[in-house]
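> Let's see this in three dimensions:
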Amino acid sequence: MQETILKTNDLTKKYSGGAGIRTINMALRKGDIYGFIGQNGAGKTTLLRIITSLIHPTSGNLELFESSEERELILARKRIGAMIETPAFFPKMTARENLEYYRIQREIADTNEIERVLKLVNLDNTGSKRFNQFSLGMKQRLGLALAIMGDPELLILDEPINGLDPSGMIEFREIISKLNQEKQITILISSHILSELAQVATRYGIIHQGKLIKEFTKEELEKNTQGYITMKVSSAVKAGEILSSAMNPERFEVHSTEEIRLFDCHTDSSKVIELLSSNGIKIYASNEVKINLEDYFIQVIDEIA
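Numbers count the residues shown, from 1 in each chain. Got it, this is the predicted structure:
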């Protein structure tokens, strides 16, 4: 059984304006890349700020590395690296000079730490280039380098790829995967760019209007977003009866009076068409439908609306 790195218990944060989070119960296991999904204002950043002690909850509590007492949490948070707000870097200093400032501030004794983290985020060749000359992608990677100084066990990232161009997103994604797989860092990452999140996350949580409404694994997502072929037919009910005698009922669905959906049987679609036609079912249209994380997110939100 995987060790639980983070657990929240009825975590709530109330604001006078009404925004915040409500009774959040979530668990983050060792080795996860947990994709935190939600619309703007849903409460993602509020939760991340509570976890890192930037703000305090109105009620509820959390456990970090199985510690829940206040003194224990202070020590546990030293095992966390975070990039929630843009770090304050000195514009006319180099990447190494900026990180040296924070190394001293954090009392990290190992002088090789700066080179280690710069290499991990592919910034070890920036030389004398100043921070104000960095591209947005370079600035984001320097922020990540700062977050992983001290070799944290848990890394928390809030919208780290926001504003990056496609190549920057790909590079950041590869770094995240490397940190998780090679350095065994557990990662909690929020992003509204779901196509990118879907390529790295192993577990997901959807937050909506301050409440965590669904958690699921990568495998469950793949099962719920499998593509299908939709067929417009003269009688879906009769078509369903015919198909029931020829294939596993889990491989098709009578979706409406005139539509059937075929799952996991793309290679058999021609046989299905032949079978239905020979039994008097007229087929008016046949199309392949692909579902992604964005579609699934909207579907989950619509179900509770």
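
> So the residue nearest in space to the middle of the chain: helix, strand or coil?
In the chain, the centroid-proximal residue (Cα atoms, centre = their mean) is G35; its distance is 1.8 Å. The assignment at G35 comes out as strand when based on DSSP: H, G, I helix; E, B strand; the rest coil.

> which helix of this protein spans the most residues?
Of all segments of type helix in the chain, defined using DSSP state H, the longest is helix 166-181.

> Buried residues of that helix, list them for me.
Using 16 or more other Cβ atoms under 10 Å as the test for burial, helix 166-181 gives 168-169, 171-173, 175-176, 179-180. (Each C-beta comes from the backbone N, C-alpha and C, glycine too.)

> chain center to it, what's the gap?
Between the centre of helix 166-181 and the centre of its chain there are 13 Å (Cα atoms, centre = their mean, to the nearest Å).

> Could you do stretch 64-79 as well?
With Cα atoms, centre = their mean, you get 24 Å for stretch 64-79.

> Against which helices or strands is the very next helix or strand once past the longest helix of the chain packed?
Using DSSP states H and E, the helix or strand that follows helix 166-181 in sequence is strand 186-190. Using 3 or more Cβ pairs under 8 Å, 6 or more residues apart in numbering; DSSP states H and E, the elements in contact with strand 186-190 are strand 27-29, strand 33-37, helix 44-51, strand 154-158, helix 166-181.

> Mind listing the strands the second one pairs with, and their directions?
So that's strand 33-37. Sheet pairing for strand 33-37, assigned by DSSP bridges, gives strand 186-190 (parallel), strand 203-208 (parallel).

> Deepest in the core, which of these is it.
Greatest average neighbour count among the strands paired with strand 33-37 goes to strand 186-190 (a mean of 23), per mean count of other Cβ atoms under 10 Å.

> can you list the residues that contact that strand?
5-6, 28-38, 44-45, 48, 51, 153-160, 176, 179-180, 197, 200-201 (Cβ atoms under 8 Å, 6 or more residues apart in numbering).

> CA atoms only for the helix or strand that that strand is followed by, dumped as PDB, please.
As assigned by DSSP H and E, the chain's next helix or strand after strand 186-190 is helix 194-197. Extracted in PDB, the C-alpha atoms of helix 194-197 (Å, rounded to 0.1, in the frame of the first residue of the first chain):
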ATOM      1  CA  LEU A 194      -5.900  19.900 -19.600                       C
ATOM      2  CA  SER A 195      -4.300  18.500 -22.700                       C
ATOM      3  CA  GLU A 196      -0.900  18.900 -21.100                       C
ATOM      4  CA  LEU A 197      -2.000  17.700 -17.700                       C
END
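
> picking up where we left off before, residues in contact with the longest helix of the chain?
By Cβ under 8 Å, 6+ apart, helix 166-181 touches 31, 33, 120-122, 135-137, 140-141, 144, 148, 155, 157, 160-161, 164, 185-187, 189, 193, 196, 199-200.

> Next: stretch 109-129.
94-96, 99-100, 103, 134, 138, 141-142, 144-146, 148-150, 171, 175, 178-179, 183.

> Confirm that I260 sits in a helix.
No - counting by three-state DSSP, I260 falls outside a helix, being strand.

> Run through the residues that contact it.
230-231, 233, 236, 239-240, 243, 252-254.

> so what's it bridging to?
M231, V254.

> so where's the chain shaky on pLDDT?
1, 264-267, 305 (pLDDT under 70).

> Residue for residue, what is the longest strand it has?
Identified as the longest strand of the chain according to DSSP state E is strand 4-14.
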